[in-house]
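Novice: Next come a sequence and a model predicted from it.
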Amino acid sequence: MKKLFFLLLTGTVLLGLGCERQQFGRVPEEDRSDEDEITIVDYLQANNLIDDAVRHESGVYYIIEEEGEGASFPTPGSQILVRYKGSLLDGTVFDETEEGDAVLLNLSRTITGWRYAIPLIKRGGKIKFFVPSNLAYGINDGRNGPIAQGIPEYAVLYFEVELVNFL
């Protein structure tokens with residue numbers, strides 16, 4: 001009996017390793033990094049921001065408006081207190097803090113693009129950044145976690161963030 005169980009378990013593991021990872025029949029997301037790069041660069045050129053923007057190795061483009069103060073930067077595990085506005089490239093705002101208010105977030109629980117951009121500034125710093133869809137919500141069809149309301153599939157996102165404080 002133990003041999004049969006071991007054989008079944010081994011077969012299941014080997015079969016699972018050989019299959020493409022897919023959750024509950026979900027179609028794997030497309031790699032849109034090339035298209036997103038073109039979209040971001042076109043936007044930067046059309047809005048005369050290309051000379052100010054820096055491309056992070058992740059594909060996030062950013063503009064540091066104010067570096068902030070102090071000797072340290074937040075880390076991916078930091079608790080961050082921020083004021084922000086998130087929008088699509090057409091200007092549609094999908095989320096923002098109320099004027100004068102700030103929100104406390106765990107940076108490790110934000111979209112990947114934030115984890116690259118926010119550690120580039122210090123306390124009191126301000127940054128604008130463009131997040132390719134693969135570092136944001138990707139397919140955003142609601143079958144793999146909560147739906148990000150108001151964000152279409154494979155959307156490039158634009159954020160303006162002020163890092164009020166961090167721990």
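Specialist: Noted; the coordinates are in hand.

Novice: thought Asn165 was touching Arg123?
Specialist: Yes - contact criterion C-beta atoms under 8 Å: Asn165 and Arg123 qualify, at 5.8 Å. (C-beta placed from N, C-alpha, C; glycine too.)

Novice: So which bits of stretch 65-81 are buried?
Specialist: Buried residues in stretch 65-81, defined by neighbour count with 16 or more other C-beta atoms under 10 Å: Gly68, Phe73, Pro74, Ser78, Ile80, Leu81.

Novice: That should have said stretch 155-167, apologies.
Specialist: So stretch 155-167, judged by 16+ other C-beta under 10 Å, has buried residues Ala155, Val156, Leu157, Tyr158, Phe159, Glu160, Val161, Glu162, Leu163, Val164, Phe166.

Novice: Could you find the closest non-adjacent residue to the last one?
Specialist: Translated: Phe166. Residue nearest to Phe166 in three dimensions, not counting chain neighbours: Pro74, with 4.2 Å by C-beta to C-beta, 6 or more residues apart in numbering.

Novice: Torsion angles phi and psi at the one you found?
Specialist: phi -70, psi 160 (degrees, to the nearest 10).

Novice: can you check Gly113 too?
Specialist: The phi and psi values for Gly113, taken as degrees, to the nearest 10, are phi -60, psi -40.

Novice: biggest separation within the buried residues of stretch 65-81, which pair?
Specialist: Across the buried residues of stretch 65-81, the two members that end up farthest from each other (C-beta to C-beta) are Phe73 and Leu81, 14.6 Å apart.

Novice: helices and strands of this structure: which one has the lowest mean pLDDT?
Specialist: helix 2-18 (a mean of 40; mean pLDDT, DSSP states H and E).
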